[in-house]
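Colleague: Here is my input, please return the structure:
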Amino acid sequence: MNRHRARFSQEWGFMQTFSNETAGEWQEYRYDDVVKAIEADAGLLDLKFIQNECRNTLDLFEETHSEVNSLLSTAIERCPTDKFIEDISSKLHEMKVFDAGDFIA
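Modeller: Down below sits the predicted model:
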């Protein structure tokens, strides 16, 4: 069967029913096997370096975020009517590091 004509019914899946729209050749794979296949196709054999850099970057962001927040809090105490500092502080509180959960539902 042509791969482009394949269709998987989320409602009926592999159930053998008259109204099941699943067509084509489908197989189930373990999650880890799928991840390994994607990494192999992408040519990414070892992601440890990238994962380590991500952790280091997150640590740096959290440390810097905390320091800047402290400085801005002190500035707001000294100049409570300064809208510019308040705006920067507000934007700082909205900042976050995105992770997979923000992109995959």
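Colleague: OK, contacts around Y29?
Modeller: Residues in contact with Y29 (Cβ atoms under 8 Å, 6 or more residues apart in numbering) are A37. All C-beta spots, glycine's among them, are computed from the backbone N, C-alpha and C.
Colleague: Now it: phi and psi?
Modeller: Torsion angles at Y29 (phi, psi; degrees, to the nearest 10) stand at phi -130, psi 150.
Colleague: what's the spacing between it and A42?
Modeller: 17 Å (Cβ to Cβ, to the nearest Å).
Colleague: And V35, by the same measure?
Modeller: Plainly put, V35 is 11 Å away from A42 if you go by Cβ to Cβ.
Colleague: before we move on, what about R30?
Modeller: Using Cβ to Cβ, we find R30 at a distance of 19 Å from A42.
Colleague: Equivalent analysis for H65, please.
Modeller: With Cβ to Cβ as the criterion, H65 and A42 are 31 Å apart.
Colleague: And for E25?
Modeller: In terms of Cβ to Cβ, E25 sits 24 Å off from A42.
Colleague: Flag every buried residue along the lengthiest helix in the chain.
Modeller: Longest helix in the chain by number of residues, with DSSP state H as the criterion: helix 48-78. Counting neighbours by 16 or more other Cβ atoms under 10 Å, one finds that the buried residues in helix 48-78 are L72, A75.
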